[in-house]
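# dropping the sequence and predicted coords here.
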Amino acid sequence: MKRMILVVASAALLIAADEAVAPLGTYTAMERRQWEFQPRKDSAPPQFTDPAGKAWVKTPVDAFILAGLRKAELKPAPQADRPTLIRRVTFDLTGLPPTTDEIDAFVADKSPKAWEKVVDRLLASPHYGEQWGRHWLDVVRFAESDGYEYDMHRPDAWRYRDYVVDSFNNDKPYDSFVKEQLAGDEIDPTNKTNLVASGFNRLGPLRKNAGNQDVASSHNEVLTEMTNIVGAAFLGVTVGCARCHDHKFDPFRQSDYYRLQAHFAQLQPNDIVLASKEEQDAWKTKAQPVEAQKKRLQAELRRAPDGMKAKLEADLDALDDQMPAPLESIYSVTDDPKKASPIKVLFHGDYLNPTAIVGVRTLGILLPDGTPEAPIDEEKPRLKLAEWIVDPNNPLPARVMANRVWQFHFGRGIVSTPNDFGLMGSRPSNRDLLDWLASRYIEGGWKLKPLHRMILLSSTYQQSSISPIEKQAAEKDSEDALLWKFDHRRLEAEEIRDAMLTVSARLNPKAGGPSFMAPIDPDLVLSLKRPQYWVPTRDKSEYDRRTLYMIYKRNLRLPFVEVFDAPDTLLSCARREQSTHAPQALELLNGDTSNTLAAAFAQRLLHDKATAPERVDYAWRLTAGRLPTPAEKALALKFFADAPGDPAKVKEFALAMFNLNAFLYVN
């Protein structure tokens, strides 16, 4: 009886949803006064007349920082030494260590523009796009598999990764970057770059269970993923919290959420095959019989009793293995107004309980009350969304992106919750500076490299990590939000592995193209639902490519990157946490990656230098960017005293170098 009542109630809600239209909603003056929704303030940089202040302010960034420090009765740390600075900025912009020649050249260059030349060289490096593109891939939860139980591979997803790297290298204006990702196919469906970019809309996890991937619940999950990432990545707000009810803290109504979602109502997956007609015909000849059997089994599975489902699912898995390898394609999207999904406000986010229908509209809090919605089949809805996002009058996107740049340079954003500028996020530590940076970002044509340059040439960025007023400053500002020194930063997982490859002379500099699969522990492979799909790349030189080009599989993070806090790619990762725990030391001491590369590093030391003292100096310069201290050198030479040229001893020494804080930390 209870079940019958629920069914009748659901049916009534469906009828009501077809008839009811969600109200447009209004917003209180207090809601509209939240700082993140206010127009950007364009405060002039503070001015200093005293000699110390004038000498320290090298870019306007310094003026804002120094004003904050003086207000707190603090002062900046001294400038870091040159070996520290070049190591810091090289990792920062490229994710790789500087060479010994680069360090020597900078130390020897006494010209007033020595630092400026280093910054400009690194911004022009192709490795810049690899490093900063990787930051963006974290934010948009890029992966090359579906996630969930089956975690099917997406063999052409790497094209989006390469698009991102190229965009950063070419300093593509951010407004174009946003439009291409959200609506590249709507802008120009004949442009290959646009089609690859719009694969952004398919980056989220995708549930494919026993042939049920087309059911309404799965489609609702896909729309949810698309909507949530717009809020997190581009707007820096937790609009996803309004999926089930009005946002508890920020002024996002539940109807706002579904109106935002309606921009994706027409969207359909579009795999654009790059193979010739002959290749496609041959593929269809092999695939069609298998697909016919799969459809038959899927139909049986939907009707089968519980006791039969396990066998039918196993049979479906076996048929998947018989499918020919996918043809090369572009993983993209397209609009089909005829297939537009009616978008309805869902009670508690349950697709079985719609309450009212909505049209297409952006977030109401940033619109005048009563702004009408557009019909679900309007032309180019995603492009209109993108244009609204990058409208210079939208107060959020430029702030959000400027804050991300600041965070990746200093380890902490001006807003320390970069995906949440709302009431439950942190307040900006220096709003005037954030707004000033955002305004300059837009005025500069939405280009990132000038923003980097302004930050990197500042005295703020060039501070030492050791302050003479450490105790006093920490009592007033324990999180260093005011930047009275430059914080220590541990290398991220990819940077550690790439640095090991570099100092051991094993790094394969090949850029772009399909991702590689490395050999891994057989037990890890067997933990996968379909272990037969983890096939190591035949060309072993691929294993020495940058970690960026290793396949990003949602259900399998390699132990080395996992212990060093690489994200799981299921959700947007705006800021990687830095944990310290025993498995990190165990991985560095006992792991295959560190031991294999330590052996290669040892070979380099033995080949390039003839004596133990020379090898010790060389090892420190390669791993830490400096010579060892007298105590460090004495300890190393004591280790080599009985067998200075023993390869096994040199390998142990090389492994120890990989475990030093001087290697693992930038400063």
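Received the coordinates, thanks.
# let me see the contact set for F640.
For F640, the contacting residues are A612, R615, V616, K649, F653, by Cβ atoms under 8 Å, 6 or more residues apart in numbering. C-beta: built from backbone N, CA, C; applies to glycine.
# which two of those have the greatest separation?
Greatest spatial distance in those: V616 and K649, 12.0 Å, computed using Cβ to Cβ.
# between those two, which is the more surrounded one?
Neighbour count, other Cβ atoms under 10 Å: between V616 and K649, V616 has more, with 25 against 16.
# so what's the more buried one up against?
Counted by Cβ under 8 Å, 6+ apart, V616 has contacts P628, K633, A636, L637, F640, F653.
# tell me which element it is part of?
helix 612-624 (DSSP states H and E).
# which helix or strand lies directly C-terminal to that helix?
Going down the chain from helix 612-624, the next helix or strand is helix 630-640, by DSSP H and E.
# now do the buried residues in that next one.
The neighbour-count check on helix 630-640 (16 or more other Cβ atoms under 10 Å) flags E632, A636, F639, F640 as buried.
# cool, stretch 598-610 as well?
A598, A599, A600, F601, A602, Q603, R604, L605, L606.
# could you report the neighbour count for the residue nearest to the third one when sequence neighbours are not counted?
Distances taken as Cβ to Cβ, 6 or more residues apart in numbering place S504 nearest to A600, at 3.9 Å, with adjacent residues excluded. Neighbour count of S504, defined by other Cβ under 10 Å: 23.
# next: E614.
The burial count for E614: 12, using other Cβ under 10 Å.
# where exactly do the helices run in the stretch 301-450 of the chain?
306-322, 381-389, 397-410, 431-443, 448-456 (DSSP state H, counting those that start in this stretch).
# kindly report the same for the stretch 151-300 of the chain.
158-169, 174-187, 192-197, 216-229, 254-261, 277-303.
# what's the angle from the helix holding V616 to helix 630-640?
Helix 612-624 runs at 120 degrees relative to helix 630-640, counting by axes from the mean of the first three to the mean of the last three Cα atoms, to 10 degrees.
# restricting to C-alpha, output helix 612-624 in PDB.
Presented in PDB, the C-alpha positions along helix 612-624 are these (Å, rounded to 0.1, in the frame of the first residue of the first chain):
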ATOM      1  CA  ALA A 612      84.000  11.300  -4.700                       C
ATOM      2  CA  PRO A 613      84.300  15.000  -3.700                       C
ATOM      3  CA  GLU A 614      83.400  16.000  -7.300                       C
ATOM      4  CA  ARG A 615      80.400  13.600  -7.300                       C
ATOM      5  CA  VAL A 616      79.200  15.000  -3.900                       C
ATOM      6  CA  ASP A 617      79.300  18.600  -5.100                       C
ATOM      7  CA  TYR A 618      77.700  17.600  -8.500                       C
ATOM      8  CA  ALA A 619      74.900  15.600  -6.800                       C
ATOM      9  CA  TRP A 620      74.000  18.500  -4.500                       C
ATOM     10  CA  ARG A 621      74.000  21.000  -7.400                       C
ATOM     11  CA  LEU A 622      71.700  18.800  -9.500                       C
ATOM     12  CA  THR A 623      69.200  18.000  -6.800                       C
ATOM     13  CA  ALA A 624      69.300  21.100  -4.500                       C
END
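# pLDDT of it, averaged?
Mean pLDDT, helix 612-624: 96.
# please identify the buried residues of that helix?
A612, R615, V616, D617, Y618, A619, W620, R621, L622, T623, A624.
# again with stretch 77-96
Judged by neighbour count (16+ other Cβ under 10 Å), stretch 77-96 contains these buried residues: 77, 80, 82-96.
# go on, stretch 456-468?
For stretch 456-468, by 16+ other Cβ under 10 Å, it's L456, L457, S458, S459, T460, Y461, Q462, Q463, S464, S465, S467.
# cool, stretch 554-572 as well?
554-561, 563-567, 569, 571-572.
# where in the stretch 151-300 of the chain is pLDDT low?
Residues of the stretch 151-300 of the chain meeting the criterion pLDDT under 70: 209-215.
# worst-scoring helix or strand of the chain, pLDDT-wise?
helix 2-19 (a mean of 46; mean pLDDT, DSSP states H and E).
# S429: which of the buried residues of helix 612-624 is nearest?
S429 lies nearest to A624 out of these, by Cβ to Cβ, at 31.2 Å.
# got a list of what the closest one touches?
So A624 contacts R87, L660, A662, F663 (Cβ under 8 Å, 6+ apart).
# with I442 instead?
P392, A398.
# check what pLDDT it gets.
I442 is given a pLDDT of 97.
# any idea how far it is from N393?
10 Å (Cβ to Cβ, to the nearest Å).
# same thing with M500?
47 Å.
# and A493, by the same measure?
Taken as Cβ to Cβ, the span from A493 to N393 is 39 Å.
# same deal with E116?
E116 is 34 Å from N393, where distance means Cβ to Cβ.
# the two: which has the busier surroundings?
The neighbour comparison of E116 against N393 (other Cβ under 10 Å) goes to E116, with 13 against 9.
# tell me which element that one falls in.
helix 114-123.
# helix or strand next in line after that helix, which one?
Helices and strands here follow DSSP H and E; after helix 114-123, the next one along the chain is helix 126-139.
# now do the contacts for the residue nearest the centre of the chain.
Compute the mean C-alpha point of the chain, and by Cα atoms, centre = their mean the closest residue is D138, 1.4 Å away. Neighbouring residues of D138 by Cβ under 8 Å, 6+ apart: P567, S572, C573, A574, R576.
# give me the distance between the residue lying closest to the last one once chain neighbours are set aside and R490.
Nearest-residue entry for R576: D565, 5.3 Å, with adjacent residues in sequence omitted and distances by Cβ to Cβ, 6+ apart. Counting by Cβ to Cβ, the gap between D565 and R490 amounts to 9 Å.
# then Q254?
41 Å.
# now swap in V290 and tell me
48 Å.
# ok, these two, which is more surrounded?
Between V290 and R490, R490 has the larger neighbour count (other Cβ under 10 Å), namely 20 against 15.
# list of residues touching stretch 152-170?
126, 128-130, 132-133, 136-137, 142-146, 177, 193, 196-197, 199-200, 203, 208, 271, 325-326, 328-331, 448, 511-515, 530, 533, 548, 551, 553.
# for ChimeraX, write the select line for the buried members of the residues you listed.
This is how ChimeraX selects the buried members of these, with burial counted by 16+ other Cβ under 10 Å:
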select :128,129,130,132,133,136,137,142,143,144,145,146,177,193,196,197,199,200,203,208,271,330,331,448,511,512,514,515,530,533,548,551,553
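# hmm, back to that, what do D565 and R490 both touch?
Q578.
# pretty sure V139 contacts C573?
Yes - counting by Cβ atoms under 8 Å, V139 touches C573, with 6.9 Å between them.
# measure stretch 414-428 end to end?
This stretch, stretch 414-428, spans 5 Å end to end (Cα to Cα, to the nearest Å).
# same thing with stretch 407-420?
Terminal residues of stretch 407-420 lie 14 Å apart, using Cα to Cα.
# next one: stretch 342-354
11 Å.
# give me the helices and strands touching the helix or strand encompassing T593, please.
If you go by DSSP H and E, T593 is part of helix 592-608. If contacts are counted by 3 or more Cβ pairs under 8 Å, 6 or more residues apart in numbering; DSSP states H and E, helix 592-608 sits against helix 493-503, helix 582-590, helix 612-624, helix 647-658.
# at 6 Å what do you get?
Helices and strands touching helix 592-608, by 3 or more Cβ pairs under 6 Å, 6 or more residues apart in numbering; DSSP states H and E, are helix 647-658.
# check which helices and strands the helix it packs on sits against.
Packed next to helix 647-658, using 3+ Cβ pairs under 6 Å, 6+ apart, are helix 592-608.
# repeat that with 8 Å
Counting by 3+ Cβ pairs under 8 Å, 6+ apart, helix 647-658 packs on helix 582-590, helix 592-608, helix 612-624, helix 630-640.
# quick one: average pLDDT of that helix?
96.
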